[in-house]
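Peer 1: Starting from these lines, generate the structure:
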Amino acid sequence: MSRNRFFLLPLVAVFFILGACQSEGKLTGEVFIVTEGRENIEMGLVDVKAYRASSLEEGHLERRHEHSQEKVQLRAEKAATQLDSLSLAQERLEEREAEYEAAQSKYDEVSQEYRMSLGSYNTSPGATRGDRVAVNIGERIILRDKTSPASVRTGYMSEGELGTVSDVKEAGINTHYEVESDDGEVGWTPLVSRFVEPDEKLLALRNRTSERVERSKRLYRKAREVRSDISSRVEDTFEQIASYREQEHYFRNMPQPAVSDETGSDGNYELTVEGGVPYYLVAHTSRSVGDDEEQYYWMVRTTVEGGGEKELNLTNKNLGGVASKKYALSERTLSIVRRIWGSSIGLAKEGEELEWEKLIYRTAFPDDTTDAPIPDDLDVPEERLLSAQ
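Peer 2: Numbers count the residues shown, from 1 in each chain. Okay, the predicted model is just below:
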């Protein structure tokens, strides 16, 4: 080998190194959050990762998006079934409510008739032990511990209540009666003129209607619990669907980055990347705020020229980052979508029969990610679906 060739080898190596350096770029910046009080909070110990944009978009993001579509489709079908069940549960609840109201109305009618019947009887001053007695309408009998009217009160029988005379005592000019009411109150009273004889037939009818009221009330409450349970399950399903449309979904199961750096206590990072090549800068961290924990996600697309340096801070202003594409929904759009789903629960309770699955899926994946259009072929006024919940 000639001496000239030995001389050229180091020169070629130098040019190769210089070319490599010129093809590299440097990304620097700070990760910080600005609080409502305008205080800058530097976020230390945050892994800032750089991914080639092509590999992330054609690989990870596409896979997560397909996963989101599959999961939303399955849960949209589930929610549609639940909404149909909710319509049936609402119909059954209304039937049970009507039965309960009818039973209560009948009971009120019979009770009034029973109360009025008490006033048609003569008083029974000659009541003896074992007699069944009732309180006249518009009256109330105080039951005391002893035969003395001044004794401490233990309870009372109100108008229309029944009781049984358990003992009789003469005390001076008064005859005292010990009465045990059907409600469990026990005591003495000298006011025998307020006792009247009950109408046993009307009493039996009142008891039957009372049982009917209690039975229909139990069925009504059960129907209400069933409806509430279905409503809760629909809401849970909607929350699951929303989780696949949030930014966070696309930050899960991330692949290995091209390069990464951990921020120091001052929140600064520094990455060396290939110049002229688009990258995604990805980071995730959290911060405790009172009893809550705020989550912060960044996925910012950027390019730095070879041999150059670019500063890119990760702050409140560029949180998220994947909603600008077809992937996650922005917080604003997702908020509108949630309102639509909430309104669908109300419509189901009103008995509306809509293509729930289509409504849920197509609002979860609107064509325009800055809005949440309602499918035109759904025959329902838009203002009803967008009404405040």
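Peer 1: make it CA atoms for all contacts and neighbour counts henceforth
Peer 2: Noted.
Peer 1: If you count contacts, what does the biggest helix by length in the chain end up packed against?
Peer 2: The residue-count maximum for a helix in the chain (DSSP state H) belongs to helix 62-118. The contact analysis (3 or more CA pairs under 8 Å, 6 or more residues apart in numbering; DSSP states H and E) places helix 62-118 against helix 200-243, helix 331-349, helix 356-364.
Peer 1: most neighbours per residue, which of those?
Peer 2: helix 356-364 (a mean of 21; mean count of other CA atoms under 10 Å).
Peer 1: Can you check the pLDDT for the residue most central in space within the chain?
Peer 2: Closest to where the C-alpha atoms of the chain average out (CA atoms, centre = their mean) is E235, at 6.2 Å. At E235 the predicted local distance difference test score is 96.
Peer 1: do you know how far the closest residue to it other than its chain neighbours is from A79?
Peer 2: Nearest residue to E235, sequence neighbours excluded (CA to CA, 6 or more residues apart in numbering): G342, at 7.9 Å. According to CA to CA, to the nearest Å, G342 stands 12 Å off from A79.
Peer 1: which stretches of this protein aren't confidently modelled?
Peer 2: In the predicted model of the chain, residues 1-22, 118-126, 137, 149, 192-198, 323-325, 368-373, 376-382, 386-389 satisfy pLDDT under 70.
Peer 1: Test my guess that P278 contacts T302.
Peer 2: Yes. Under the criterion of CA atoms under 8 Å, P278 makes contact with T302 at 5.6 Å.
Peer 1: re the thing from before, export the helices and strands packed on helix 62-118 as a markdown table, with columns for distance to G290.
Peer 2: A markdown table is the format used below for the helices and strands packed on helix 62-118 (distance: least, CA to CA, whole Å):
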| stretch | distance to G290 |
| --- | --- |
| helix 200-243 | 24 |
| helix 331-349 | 22 |
| helix 356-364 | 32 |
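Peer 1: out of those, nearest to I173?
Peer 2: helix 200-243 (31.9 Å; CA to CA).
Peer 1: So for the very next helix or strand once past that closest one, what gets flagged as buried?
Peer 2: Following helix 200-243 in sequence order, the next helix or strand is strand 259-262 (DSSP states H and E). For strand 259-262, a neighbour-count test (16 or more other CA atoms under 10 Å) marks 260-262 as buried.
Peer 1: Could you list every helix and strand in contact with the helix or strand just after strand 259-262?
Peer 2: Counting by DSSP H and E, the element after strand 259-262 in chain order, helix or strand, is strand 268-274. Applying 3+ CA pairs under 8 Å, 6+ apart, we find strand 268-274 packed against strand 24-30, strand 47-52, strand 259-262.
Peer 1: what does whichever helix or strand comes after strand 268-274 contact?
Peer 2: Note on strand 268-274: by DSSP H and E, the next helix or strand toward the C-terminus is strand 279-289. Strand 279-289 is contacted by residues 43, 46-54, 56, 293-303 when judged by CA atoms under 8 Å, 6 or more residues apart in numbering.
Peer 1: Could you check strand 279-289 and say which residues are buried?
Peer 2: In strand 279-289, counting by 16+ other CA under 10 Å, buried: 279-285.
Peer 1: what's the angle from that strand to strand 268-274?
Peer 2: If you take axes from the mean of the first three to the mean of the last three CA atoms, to 10 degrees, strand 279-289 sits at 160 degrees to strand 268-274.
Peer 1: Given strand 279-289, what are its sheet partners and their directions?
Peer 2: strand 47-52 (antiparallel), strand 292-302 (antiparallel) (DSSP bridges).
Peer 1: Leaving out sequence neighbours, find the closest residue to S181.
Peer 2: Using CA to CA, 6+ apart, the nearest residue to S181 is G163, at 3.8 Å.
Peer 1: ok, then the element right after the strand or helix carrying that neighbour?
Peer 2: Per DSSP H and E, G163 falls inside strand 162-171. Counting by DSSP H and E, the next helix or strand C-terminal to strand 162-171 is strand 174-181.
Peer 1: helices or strands next to that following strand in the packing?
Peer 2: If you count contacts as 3+ CA pairs under 8 Å, 6+ apart, strand 174-181 packs onto strand 162-171, strand 186-189.
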